[in-house]
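1. take a look and give me a structure for this.
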Amino acid sequence: MPALTKEEIRERYRTVNVYIIGSRTAFFDAVPERKMRNIVAITLFGDGVTTRTMDIEKLKEDGTYEMLYDKINLAAPEKVQLPIEGRNPEHPIIVLEGGTRLYGGYVTGTTVAATCEYWDNDI
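-> Next up, the predicted model:
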């Protein structure tokens, strides 16, 4: 399939907001088969109370987890954006295949708000 134009990427661009609760919370359901989900940016928001360490993982189709970003330091009053240098829809930071999922998690603390920006592409 030919590469998408900037306009086509803009038309497909989506944002999902989730609350990460505990060691693993899915950002969305599994990516549909015959699709690629291009993750452009993930933003984690501190809760103003607890500093914690966050992880971002991929659940593969075989049921195993692959660590994508580990030990992200999230200070209580701050937010952390991945990638640090800023988003570029044409250069995703993570590409998920059909049947996979993206998870966020932490070991201790309370709920963390997170935003994931992405666009899907047909295979």
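2. which residues touch the spatially closest residue to residue 29 that is not a sequence neighbour?
-> The shortest distance from residue 29 to any non-neighbouring residue, by CB to CB, 6 or more residues apart in numbering, is to residue 101 (7.2 Å). C-beta coordinates here come from the backbone N, C-alpha and C atoms, glycine included. By CB atoms under 8 Å, 6 or more residues apart in numbering, the residues touching residue 101 are 26-31, 58-59.
3. what ranges does the protein have for its helices?
-> 6-12 (DSSP state H).
4. where exactly do the strands run in it?
-> 14-20, 25-26, 35-45, 52-59, 65-74, 79-82, 94-97, 101-106, 112-122 (DSSP state E).
5. nearest to residue 7, of the ones you listed?
-> strand 112-122 (11.9 Å; CB to CB).
6. helices or strands up against that closest one?
-> helix 6-12, strand 14-20, strand 35-45, strand 101-106 (3 or more CB pairs under 8 Å, 6 or more residues apart in numbering; DSSP states H and E).
7. partners of the last one in the sheet?
-> Which is strand 101-106. With DSSP bridges as the test, strand 101-106 is paired with strand 25-26 (antiparallel), strand 52-59 (antiparallel).
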